[in-house]
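S.K.: build me a model from this:
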Amino acid sequence: MFYKKLKRIPAMFLVCALLFTTVFSYSMIANASSSFTSRLDAPSYSNDYYYSNKNIYYQYGYGMPNCTAYAYGRAYEILGRDPGLCHYDAYEWYDYNDGYSRGQTPKVGAIACWEYYRNGETGGHVAVVEKVENGTVTLSNSAWGWKNFYLTYADVNDPTMGESDWTFQGFIYLGDFNKGSDSDNVVTDYKNGVYEVEVSDYLNMRETATTSSKTVSQLYNNDQVYVTDIKANGGYTWGYSEIIKGTNKGKKGWVALDFCKFIQDKPTSDDIVYKIGDIDLSGEINVLDTTALQLYVSKNGDLTDAQLKLADLDGDGKIDVGDVTALQRIISKQKTL
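M.R.: Coordinates of the predicted model:
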């Protein structure tokens, strides 16, 4: 139910990709950061580790929902660089020569691998270990033709890692993320949405998610921001935000959410005026909007009421393949300008 047996990516491309992997994969192991941020909710459509040509599966038409596309993007997100993992089917990941160590012990940041045999065909699945706490392993997943993102759980001593109908192959270790304190790098209480600033003076909006980064704007008490991506760094939880209420409305950057309170999931129509076709509410119309629309039309994704209004491009009151075609035409015209 979960996995499509993928077609192999063109051989000529793989020759180049494997040369890249040979050069860089071992250095990635040596330089992997000891910090780790658990992902417990779906990545936004603006996250280019998952939804851009950075991700080899997305680039060749096998993007999410798909376990391999997700795991590849998640590994890219964890390491901050191309992970150089297998470009083939999920069941081939564990035996692939990528330079990473393997084992049977669950560790945060590791990729769990399974294979199965069904109706004479071999299939498989990969997932990412997000937490190992109190005897329970939390894994993040995606599934071909089913769910874009979901979590599963297993006992640390379960030899099948929660999937008793399949053969568990083992874990691919991207690095050692258990060293030092990981409490400063785990996002647990925040989610994308609208936040209100709570400060007595002002709060800096930064160019990147760190206090040493350039200040791009300042926020004041009761200002509001719309957060579309979240990461933890340096003891703070950061949200990539657009100011939707305040003196500097429209400015975008990273804000420490520790000084904000969550209000609601989406801005009201009065907060931001979006163009028809800007389905992911990013302020731009691009391929990420097409992805969001295709996921909805194929019943693999959800849209809010506000997004549905922006998705009816042909104005017929229905959201279907005709709207996908209309959106693709808009994007195509933008590229020729």
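S.K.: could you use CA atoms for every contact and neighbour count after this?
M.R.: Will do.
S.K.: shaky segments in the protein?
M.R.: 1-35, 178-189, 235, 269-274, 334-337 (pLDDT under 70).
S.K.: give me the buried positions along whichever strand or helix holds Q218.
M.R.: Applying DSSP states H and E as the criterion places Q218 in strand 215-219. Residues of strand 215-219 classed as buried by neighbour count (16 or more other C-alpha atoms under 10 Å): S217, Q218, L219.
S.K.: for the stretch 151-300 of the chain, which segments count as helices?
M.R.: 287-297 (DSSP state H, counting those that start in this stretch).
S.K.: from G277, how far off is the residue nearest the centre of the chain?
M.R.: Nearest to the mean C-alpha position of the chain, counting by C-alpha atoms, centre = their mean, stands P43 at 3.1 Å. Using C-alpha to C-alpha, to the nearest Å, P43 is found at 20 Å from G277.
S.K.: residues near the spatially closest residue to S46 that is not a sequence neighbour, how many?
M.R.: Leaving aside its sequence neighbours, S46 sits nearest to L288 (C-alpha to C-alpha, 6 or more residues apart in numbering; 6.6 Å). Under the neighbour criterion other C-alpha atoms under 10 Å, L288 is assigned a count of 21.
S.K.: for L288, give its distance to L139.
M.R.: Separation of L288 from L139 (C-alpha to C-alpha) stands at 25 Å.
S.K.: still on that earlier bit, how about the residue nearest to the centre of the chain, secondary structure?
M.R.: Three-state assignment for P43 (DSSP: H, G, I helix; E, B strand; the rest coil): coil.
S.K.: which ones are touching it?
M.R.: By C-alpha atoms under 8 Å, 6 or more residues apart in numbering, the residues touching P43 are Y50, D229.
S.K.: so what does it look like in phi/psi?
M.R.: When quoted as degrees, to the nearest 10, the phi and psi of P43 stand at phi -70, psi 150.
S.K.: any idea how far it lies from D89?
M.R.: 22 Å.
S.K.: please apply the same query to G109.
M.R.: Distance from G109 to D89, by C-alpha to C-alpha: 20 Å.
S.K.: got it, and L219?
M.R.: L219 is 47 Å from D89, by C-alpha to C-alpha.
S.K.: check W114 too.
M.R.: Counting by C-alpha to C-alpha, the gap from W114 to D89 is 11 Å.
S.K.: which neighbours do those two have in common?
M.R.: In contact with both W114 and D89: G124, using C-alpha under 8 Å, 6+ apart.
S.K.: of these two, which one has the most company?
M.R.: Neighbours per residue (other C-alpha under 10 Å) separate W114 from D89, with W114 holding more: 24 against 21.
S.K.: what sits opposite that one in the beta ladder?
M.R.: For W114, the beta-bridge partners are H125, F168 (DSSP bridges).
S.K.: correct me if wrong: it contacts Q104.
M.R.: No - using C-alpha atoms under 8 Å as the test, W114 is too far from Q104 to be in contact (11.9 Å).
S.K.: what do the two both touch?
M.R.: With C-alpha under 8 Å, 6+ apart as the test, W114 and Q104 both reach G170.
S.K.: as TSV, the buried residues of strand 215-219 with distance to Q59 would be great.
M.R.: Shown next, in TSV, are the buried residues of strand 215-219 (distance: C-alpha to C-alpha, whole Å):
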residue	distance to Q59
S217	35
Q218	37
L219	38
